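Visitor: below are the sequence and a predicted model for it; my questions follow.
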Amino acid sequence: GQQVMQIPQYQHVQEGEDFTTYCNSSTTLSNIQWYKQRPGGHPVFLIQLVKSGEVKKQKRLTFQFGEAKKNSSLHITATQTTDVGTYFCAGVSGYSTLTFGKGTMLLVSP
Amino acid sequence: NAGVTQTPKFRVLKTGQSMTLLCAQDMNHEYMYWYRQDPGMGLRLIHYSVGEGTTAKGEVPDGYNVSRLKKQNFLLGLESAAPSQTSVYFCASSPDSDVSYEQYFGPGTRLTVT
């Protein structure tokens, strides 16, 4: 079945440093979504990418979808303590449901 | 709008007991989902529904049953709980008829089976 792999599993940065998490799929995706889950909270939708090579920005967050539509990345510029949480990518292939990666836990020290 | 709500928030069961988790959404969404989240495992789909009266199996359906008698409600049942079902359970819903639309998650139910 479809597999979505995410790296790294965990990253600890100092406030102000940049952060990137990568997502790779075993199959070509029709779209990819990103979610954020704060500690003790529930996943919250951030963005959806659909087009090959698509790049979208949300303030300090930049999302990319690979040309082959099998990989994606989330980059946070100048992290803040409010960025703490686990970031999940989730991909859709064909008519299947969303398959979530295992997530990258981000810890930001002030 | 309350969005997606889940009851109960916490529950402790003994092995072999049964229970039902309730999910309700007030956004008139067609699609609803049940996930479980275990440390280091991400979110795994248990069952989902594409509309009232329909259900389908996800990645890890064994030991669970579901029902969608009303569009706004999606019930997850454990007939005979096992310690392996200790987890955090999230319900989610999405609008329209396309599984690729964003999902709205409930606050979760933390279940412990002893």
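Guide: Here it is on my side, so go on. Keep in mind that this is a model prediction, so the values were computed, not measured. Numbering: from 1, shown residues only, chains lettered A, B, ... in the order given.
Visitor: who's in contact with the residue minimising distance to the centre of chain B?
Guide: Within chain B, one residue has its C-alpha closest to the average C-alpha position: by CA atoms, centre = their mean, that is B:Trp34, at 2.8 Å. By CB atoms under 8 Å, 6 or more residues apart in numbering or on different chains, the residues touching B:Trp34 are B:21, B:23, B:45-48, B:58, B:64, B:66, B:74, B:76, B:89-91. Where you see a C-beta, it was placed from the backbone N, CA and C, and this is true even at glycine.
Visitor: let's see that with 6 Å instead.
Guide: With contacts taken as CB atoms under 6 Å, 6 or more residues apart in numbering or on different chains, B:Trp34 has the following neighbours: B:46-47, B:76, B:91.
Visitor: restricted to strands, list the residues you listed.
Guide: When DSSP state E is applied, the contacts of B:Trp34 are split such that B:46-47, B:76, B:91 fall in strands.
Visitor: about what we covered before: is the residue nearest to the centre of chain B in a helix, a strand, or coil?
Guide: Under DSSP: H, G, I helix; E, B strand; the rest coil, the three-state class of B:Trp34 is strand.
Visitor: that one and A:Gly103, how far apart?
Guide: When CB to CB, to the nearest Å is the yardstick, B:Trp34 and A:Gly103 sit 19 Å from each other.
Visitor: which residues does the helix or strand of chain A with the lowest mean pLDDT contact?
Guide: Across the helices and strands of chain A, the lowest-confidence element by mean pLDDT, DSSP states H and E is strand A:99-100, at a mean of 93. Contact partners of strand A:99-100, identified using CB under 6 Å, 6+ apart, comprise A:2, A:4, A:88, A:90-91, B:42-43.
Visitor: and what of stretch B:61-76?
Guide: Taking contacts as CB under 6 Å, 6+ apart, the residues outside stretch B:61-76 that touch it are B:20-25, B:32, B:34, B:46-47, B:49, B:52, B:55, B:77.
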